[in-house]
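S.K.: give me coordinates for this.
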Amino acid sequence: MIAKHSRIVDRALTRLKLRQLRLLVAVGRQGNIQNAARDLGISQPAATKMIQDLELDFEVKLFSRTNRGVIPTVFGETLIRHGKLIFAQVSNAAQELDDLNEGNSGRVVIGTLLAASTGLLPEAIDNLLTDRPKVAIKITEGTNEVLMPSLLSGEIDLVVGRLPAHRFRDKITQETLFDDRIQAVVGPQHPLAGKKAVTFEDTTPYGWILPPLETTLRRQVDHFFVSQNQYIPPVSIESVSYLANRALLQARDLIGLMPAEVVAHDVERGNMCDLDWSVPFGWGPVGVSYRSDTSLSPAGHAFKRALHQAAERR
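M.R.: This next block holds a predicted model:
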């Protein structure tokens, strides 16, 4: 087994070309060798030969033929994933060199979930800019289902927010920063605003703003609703946009479920009101996810330190 691994590594280091990986990724994306070859400006026979060479060098079958084209085997999917990571790293290296050439002290791409977007992340970025005033920062917002694949492919350096409970955990490094809870909130005009000892039955006449279906929190919400005599809200809005959610809560008599960390500032200012109802689900760790220590640039490590500094002050 060791001899085979060494043999394949030696071939890859001496014979593998980026153009072969570009073709591999293109075929995986399109499911068609001819179309991928046309996009890369090569003939189909040449493309077929390049894939065959890859299969010989790695000693595995990369694609299976179907009536509709080709689909990657498990080996093909693995090599495509690593190919995407290689191209992302090349792009990141080029961007970092460009930033350094323009006087910036590195670059970091951050994915953020709602739980970190209003408090923790801005504080951490402020810490980072104090340490590295010229660092280039890019922020991408989304759910774990969107951000984690981009993290694994190298398009994002770190993801900050609720740590995924099951999926992706075996492929990434996670660090917990603090535990957060889910808070039910309403607009200041809501009939339940200011009411003491609210029960779930009190909430049932009103609509809800809920997290997306693919999230752990949504599954917990749905399970709870089912346990409450198969409750179905009269109005249900699915949204991860904090600005939209806040505006909706202020305009209509809806109930929102959001991390307490996120709504704290708006509750203090009176823009929203905590509902006096203890949400029976949704506790979880907020933290940072990244591929590995070796995958982080100096700016990435500096941002991770800045996150811990911000979390320690909470």
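S.K.: got the buried residues for stretch 280-291?
M.R.: By 16 or more other C-beta atoms under 10 Å, the buried positions in stretch 280-291 come out as 282, 284, 286-291. Bear in mind the C-beta positions are built from the backbone N, C-alpha and C, glycine included.
S.K.: tell me where the stretch 51-200 of the chain has helices.
M.R.: Per DSSP state H, counting those that start in this stretch, the stretch 51-200 of the chain carries helices over the ranges 74-101, 114-117, 120-131, 144-152, 200-203.
S.K.: wait, which of the buried residues of stretch 280-291 is closest to Ile33?
M.R.: Arg291 (30.5 Å; C-beta to C-beta).
S.K.: and the pLDDT for that closest one?
M.R.: Looking at Arg291, its pLDDT is 90.
S.K.: which residue sits closest to it, ignoring its sequence neighbours?
M.R.: Spatial nearest neighbour of Arg291, excluding adjacent residues (C-beta to C-beta, 6 or more residues apart in numbering): Ile172 at 6.1 Å.
S.K.: my guess is Trp208 is in a strand, correct?
M.R.: Yes - assigned with DSSP: H, G, I helix; E, B strand; the rest coil, Trp208 falls within a strand.
S.K.: so how far is Ile182 from it?
M.R.: 12 Å (C-beta to C-beta, to the nearest Å).
S.K.: these two: which is more packed in?
M.R.: Ile182 (23 against 20; other C-beta atoms under 10 Å).
S.K.: surely that one and Ser278 touch.
M.R.: No - taking contacts as C-beta atoms under 8 Å, Ile182 lies outside contact range of Ser278: 10.2 Å.
S.K.: okay, helices next: where are they in the stretch 201-314 of the chain?
M.R.: Going by DSSP H, counting those that start in this stretch, the stretch 201-314 of the chain shows helices at 216-227, 242-251, 260-269, 298-312.
S.K.: most packed of the ones you listed?
M.R.: Burial of the helices of the stretch 201-314 of the chain is given as mean neighbour count (mean count of other C-beta atoms under 10 Å); helix 298-312 ranks first at a mean of 19.
S.K.: break this structure down into its domains, please.
M.R.: 2-82, 103-179+285-312, 182-282 (automatic domain parsing).
S.K.: nearest to Ser91, out of those?
M.R.: That would be domain 103-179+285-312 among the domains of the chain, by C-beta to C-beta, at 8.2 Å.
S.K.: can you pull the contacts of the spatially most central residue of the chain?
M.R.: By C-alpha atoms, centre = their mean, the mean C-alpha position of the chain lies nearest to Leu147, the distance being 1.8 Å. Shown in contact with Leu147 (C-beta atoms under 8 Å, 6 or more residues apart in numbering): 111-113, 140, 156, 159.
S.K.: what's the most distant pair in those?
M.R.: Between all members of the contacts of Leu147, the farthest pair (by C-beta to C-beta) comes out as Leu113 and Ile156, at 11.9 Å.
S.K.: can you pull out the low-pLDDT segments for the chain?
M.R.: 1-3, 99-104, 115-117, 165-169 (pLDDT under 70).
S.K.: helix or strand for the most far-flung residue of the chain relative to its centre, which one?
M.R.: Of all residues in the chain, Pro45 has its C-alpha farthest from the mean position, at 38.5 Å, by C-alpha atoms, centre = their mean. Secondary structure assignment for Pro45, by DSSP states H and E: helix 44-58.
S.K.: in that helix, what's buried?
M.R.: Neighbour counts over helix 44-58 (16+ other C-beta under 10 Å) mark 47, 50-51, 54-55, 57-58 as buried.
S.K.: that helix to helix 74-101, inter-axis angle?
M.R.: Calculated by axes from the mean of the first three to the mean of the last three C-alpha atoms, to 10 degrees, helix 44-58 forms an angle of 100 degrees with helix 74-101.
S.K.: can you dump the C-alpha atoms of helix 44-58 in PDB for me?
M.R.: What follows is helix 44-58, C-alpha atoms only, in PDB (Å, rounded to 0.1, in the frame of the first residue of the first chain):
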ATOM      1  CA  GLN A  44     -12.700  15.700 -27.700                       C
ATOM      2  CA  PRO A  45     -10.100  13.000 -28.500                       C
ATOM      3  CA  ALA A  46      -7.400  15.000 -26.700                       C
ATOM      4  CA  ALA A  47      -9.700  15.500 -23.700                       C
ATOM      5  CA  THR A  48     -10.500  11.800 -23.600                       C
ATOM      6  CA  LYS A  49      -6.800  11.000 -23.700                       C
ATOM      7  CA  MET A  50      -6.100  13.400 -20.900                       C
ATOM      8  CA  ILE A  51      -8.700  11.700 -18.700                       C
ATOM      9  CA  GLN A  52      -7.300   8.300 -19.500                       C
ATOM     10  CA  ASP A  53      -3.800   9.500 -18.600                       C
ATOM     11  CA  LEU A  54      -5.200  10.700 -15.200                       C
ATOM     12  CA  GLU A  55      -6.800   7.300 -14.600                       C
ATOM     13  CA  LEU A  56      -3.600   5.500 -15.400                       C
ATOM     14  CA  ASP A  57      -1.500   7.800 -13.200                       C
ATOM     15  CA  PHE A  58      -3.900   7.500 -10.200                       C
END
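S.K.: nothing else from me, thank you.
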